[in-house]
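Peer 1: Pasting the sequence and the predicted model now:
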Amino acid sequence: MKIIYSQQPIPNRITKSIFLAGCTNRTENEGISWRLEAITFLENIGFDGTVFMPEYENTTLNTSDAFDYAAQIEWEDRCLAIADKVIFWLNRKLDVGRFGLTSNVEFGKWMNSGKVYLGYPPNADKINYLLHHAEKLNIKTFTDLKRMLIEVIDDLGDGAERLGTDVLVPLDVWNHQGFKNWHKGVYDCGNMINDIKIEYTKIVGTNILFFITVWADIYIRDENRNKSNEVVFIRSDISSCLLYKKDPLNILNSDIVLVREFRTPVNNITGKVWEIAGGSSFKDGLSPSEIITQEIKEELGIDIEPNRLVYHQARQLQATTLSHKSHLFYCEITDEELEYLISQKNIVKGDEISTERTYTEVVKLESILDTEVVDWANIGQIMSILMLNK
């Protein structure tokens, strides 16, 4: 186990890490720090990761006038961002001056991250506000410090080795397939990440990491310069499929199958997104073809045999901000399938559990090009297939 004490340098190798956040003793009269007890326990059970310890190694953290608060705050902010797991132990006792006010701020900052655990002894003061938010966000809570540490170690598992700048990426982000794809792409073209910070993570369901916002300082090899004024939005790749019935005499008269659905960012005259069938999955190990087969069934209510799907290619949808790609398939449908899909126009499909409510639309290509409701990314996917098979 490697312990990184207050304001010590960040290591250049991390496999798994824990930040010990919570109330800090300000005087020696308050007894032994709970963090020392935690470290002793971690050593005894053989934890072999990194522990960020926001206290000095051999003395009580002195917050007198000579204490460099700015340096301490910067160090804690950096290490909280890096840590794979953050435990808050709030042994708050107002009558002895152990307030833990900083911990309230830190908990508020990181409670949406999906990597926080909240612990407190049964007699701790002023915990209810934090418990309320912990319950809403599915944060695990404990009244026993050792039990909490055991749970954290179990959740960490074997971790994952990160070296150099990569130690700045916490484990859940590092293991996210969308992040892996973006990270690999940076280095595959000869560039290099000099610095990186996870700005935001969106957790859905039972602690599922849906998308990530990342700031990075990247060295651009072929331009011999750095760029650090942009962020990237990362999610898993999606699978999309153009279902269509082509008019061989007039391509503009071809029938295109679209999914109509409400999405919050929509900005068109219908208030709904109109797009080809597609989506992603939270399940690990599914191939793009398996995903799109499921999406077609879910969004359009029709079964398309996988061997009918032709894979086109994968491209980004919006390369200036979104890192993920759409794996594009296509399939020309039969007259019978076309008739069925037209009949489903106002019948609700989708996955209500995930708030997805979809409607089937069969639209002529000419109409798609003449109105604004289909975005440029979808038009590009549609035309790339129709022009390929003209």
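Peer 2: Right, received. Where do you want to start? Numbering: from 1, shown residues only.

Peer 1: Just the CA atoms from stretch 195-203 would do, formatted as CSV, please.
Peer 2: In CSV, the C-alpha atoms belonging to stretch 195-203 read as follows (Å, rounded to 0.1, in the frame of the first residue of the first chain):
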residue,chain,number,x,y,z
ASP,A,195,-2.9,16.9,-18.7
ILE,A,196,-6.5,15.8,-18.2
LYS,A,197,-9.4,16.4,-15.9
ILE,A,198,-12.7,14.8,-15.7
GLU,A,199,-15.1,17.7,-15.6
TYR,A,200,-18.4,15.8,-15.3
THR,A,201,-19.9,12.3,-15.2
LYS,A,202,-23.5,11.4,-15.7
ILE,A,203,-24.6,8.5,-13.7
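
Peer 1: For it, give me every contacting residue.
Peer 2: 81, 112-114, 137, 165, 168-170, 172-173, 209-217, 228, 231 (CB atoms under 8 Å, 6 or more residues apart in numbering). (Each C-beta comes from the backbone N, C-alpha and C, glycine too.)

Peer 1: Also stretch 42-51?
Peer 2: For stretch 42-51, contacts defined as CB under 8 Å, 6+ apart pick out 1-4, 11, 14-20, 39, 84, 149-150, 153, 156, 159.

Peer 1: Return the distance of that stretch from the chain's centre.
Peer 2: Centroid separation for stretch 42-51 versus its chain: 27 Å, with CA atoms, centre = their mean, to the nearest Å.

Peer 1: mind listing what's buried in that stretch?
Peer 2: Applying a neighbour-count criterion of 16 or more other CB atoms under 10 Å, one finds 42, 47, 49, 50, 51 buried in stretch 42-51.

Peer 1: Next: stretch 249-266.
Peer 2: Within stretch 249-266, the residues that count as buried by 16+ other CB under 10 Å are 254, 255, 256, 257, 258, 259, 260, 261.

Peer 1: Could you dump those residues into JSON lines with distance to residue 201 added?
Peer 2: Converted to JSON lines, the buried residues of stretch 249-266 look like this (distance: CB to CB, whole Å):
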{"residue": "254", "distance to residue 201": "41"}
{"residue": "255", "distance to residue 201": "41"}
{"residue": "256", "distance to residue 201": "36"}
{"residue": "257", "distance to residue 201": "34"}
{"residue": "258", "distance to residue 201": "31"}
{"residue": "259", "distance to residue 201": "27"}
{"residue": "260", "distance to residue 201": "30"}
{"residue": "261", "distance to residue 201": "25"}
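
Peer 1: got those as TSV, with pLDDT, distance to residue 126 and secondary structure columns?
Peer 2: Supplementary listing: the buried residues of stretch 249-266 in TSV, determined by pLDDT from 0 to 100; distance: CB to CB, whole Å; DSSP: H, G, I helix; E, B strand; the rest coil:
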residue	pLDDT	distance to residue 126	secondary structure
254	96	66	coil
255	97	64	strand
256	98	59	strand
257	97	57	strand
258	97	54	strand
259	96	49	strand
260	95	50	strand
261	95	45	strand
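
Peer 1: Among those, which one sits closest to residue 107?
Peer 2: Ranking those by separation from residue 107, with CB to CB as the measure, puts residue 261 on top at 36.2 Å.

Peer 1: check contacts around the closest one.
Peer 2: Listed by CB under 8 Å, 6+ apart, the contact partners of residue 261 are 272, 273, 275, 299, 350, 356, 357, 358, 359.

Peer 1: From the buried residues of stretch 249-266, pick the one nearest residue 67.
Peer 2: Ranking the buried residues of stretch 249-266 by separation from residue 67, with CB to CB as the measure, puts residue 261 on top at 54.8 Å.

Peer 1: Quick check: bridge partners of that closest one?
Peer 2: With DSSP bridges applied, the residues forming beta bridges to residue 261 are residue 273, residue 358.

Peer 1: which ones among the buried residues of stretch 42-51 are found in helices?
Peer 2: Under the assignment DSSP state H, the buried residues of stretch 42-51 contribute residue 42 to helices.

Peer 1: I'd say residue 55 and residue 24 touch.
Peer 2: Yes - A contact is recorded between residue 55 and residue 24 when judged using CB atoms under 8 Å, the distance being 6.5 Å.

Peer 1: higher neighbour count, these two?
Peer 2: The residue with the greater number of neighbours, taking residue 55 and residue 24 and applying other CB atoms under 10 Å, is residue 24; the counts read 21 against 16.

Peer 1: And the contacts of stretch 372-390?
Peer 2: Residues from elsewhere that reach stretch 372-390, judged by CB under 8 Å, 6+ apart: 240, 242, 244, 246, 251, 254, 256, 258, 268-270, 272-276, 312, 317-318, 326, 328, 330, 332, 365, 368-369.
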